[in-house]
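> Have a look; sequence and predicted model below, questions after that.
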Amino acid sequence: MPTRFAASISPSQEPSQHVAALARRGVQRRYRRGALLIQEGETGDTLYIVLEGKLRAFLSDENGKELTLGVYGPQEYVGEMSLDGGPRSAHVEAMAPTVCSVVSRDQLLIYISEQPEFAFELMGRLIRRARLATESARSVALIDVYGRLVRLLNQYLDKALEPVAQERRLRERMTHQQMAQHLACSREMVSRLLKDLETGGYISVRDRWIWVLKPLPARW
């Protein structure tokens, strides 16, 4: 089974009117879970805008190891890195049944000529992704696994839900394997750390949802 770990995960962004308008110019396509939309190294000139579902961008080596670069949901897009005419820089697969609007490079350039402010939005997203990648690399290099776990749990706390007696739930169900992909460690390490936190009364697992019961200690 491939070993997978993640460098970063894309944060949710406010829906963009430009992205919605550009999506209407593309061709809608449906992809089953696990379908490979983009292969690293291939030549491509299309942008994939997610309408429904979720995509994962990742790198892999000949031994089956994978490095997740980002996860993208509705109103986000992938494939823009190859619009300069270069080869694709990563693989992209559907994490769930997904609907995308596939926009050609020509259509994108026409849209930018009509709406030049969208070029700044495009650059802004590229910059944010670069910063996320830099922060993730720093985290993996300089912070221990427990410290990365605390950051991940705090990052995923659902701020939209009112706390129950100061308890907060993560905004997504995450398996131990998925968490290990974000932390660049083994699933066994995640399981051991979560068990210790649960025993210490810091977290609780209810119906496969993780709840943080009180502030997590900075060190373990």
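In hand now; what should we look at?

> what residue ranges in this protein score low on pLDDT?
Counting by pLDDT under 70, the chain contains low-confidence residues at 1-15, 64-65, 82, 136-142.

> make it 80
When residues are selected by pLDDT under 80, those of the chain lie in 1-16, 61-69, 81-85, 129-130, 132-143, 159-165, 181-182, 184, 219-220.

> Next, name the residue at the spatial heart of it.
residue 71 (2.2 Å; C-alpha atoms, centre = their mean).

> Can you tell me the element that one falls in?
strand 66-72 (DSSP states H and E).

> Now do the next helix or strand after that strand: which elements does it pack against?
Using DSSP H and E, the next helix or strand after strand 66-72 towards the C-terminus is strand 77-78. Packing contacts for strand 77-78, counted by 3 or more C-beta pairs under 8 Å, 6 or more residues apart in numbering; DSSP states H and E, involve strand 46-52. C-beta here means a position set from N, CA and C on the backbone, and glycine is covered the same way.

> just the angle between the strand it packs on and strand 66-72, please?
70 degrees (axes from the mean of the first three to the mean of the last three C-alpha atoms, to 10 degrees).

> Strand 46-52 pairs with which strands?
Sheet pairing of strand 46-52 (DSSP bridges) gives strand 77-78 (antiparallel), strand 98-104 (antiparallel).

> What segments of this protein are helices?
Ranges of helices in the chain, per DSSP state H, are 17-23, 105-114, 117-142, 145-155, 176-183, 187-199.

> okay, those helices, which one's buried deepest?
helix 176-183 (a mean of 22; mean count of other C-beta atoms under 10 Å).

> and it, C-alpha only, in CSV?
Presented in CSV, the C-alpha positions along helix 176-183 are these (Å, rounded to 0.1, in the frame of the first residue of the first chain):
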residue,chain,number,x,y,z
HIS,A,176,-5.6,8.4,11.4
GLN,A,177,-4.1,7.7,8.0
GLN,A,178,-5.3,11.0,6.6
MET,A,179,-3.8,12.8,9.6
ALA,A,180,-0.6,11.0,9.1
GLN,A,181,-0.6,12.3,5.5
HIS,A,182,-0.7,15.8,6.8
LEU,A,183,2.0,15.3,9.4
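
> what's around residue 43, how many residues?
By other C-beta atoms under 10 Å, the residues close to residue 43 number 9.

> Quick check: beta-bridge partners of it?
Here residue 43, judged by DSSP bridges, has bridge partners residue 87.

> What's the separation between it and residue 104?
Applying C-beta to C-beta, to the nearest Å, the value for residue 43 to residue 104 is 13 Å.

> Quick check: the closest residue to residue 18 other than its chain neighbours vs residue 111, distance?
Leaving out its chain neighbours, the residue that sits closest to residue 18 by C-beta to C-beta, 6 or more residues apart in numbering is residue 118, at 4.4 Å. When C-beta to C-beta is the yardstick, residue 118 and residue 111 sit 6 Å from each other.

> Spit out the residues that contact these two alike.
Counting by C-beta atoms under 8 Å, 6 or more residues apart in numbering, the residues touching both residue 118 and residue 111 are 18, 22.

> if I read this right, residue 169 contacts residue 158, doesn't it?
Yes - here residue 169 reaches residue 158: they are 5.4 Å apart, a contact under C-beta atoms under 8 Å.

> Specify which residue of the two has the higher count of neighbours.
Between residue 169 and residue 158, counted using other C-beta under 10 Å, residue 169 has the larger neighbour count: 18 against 13.
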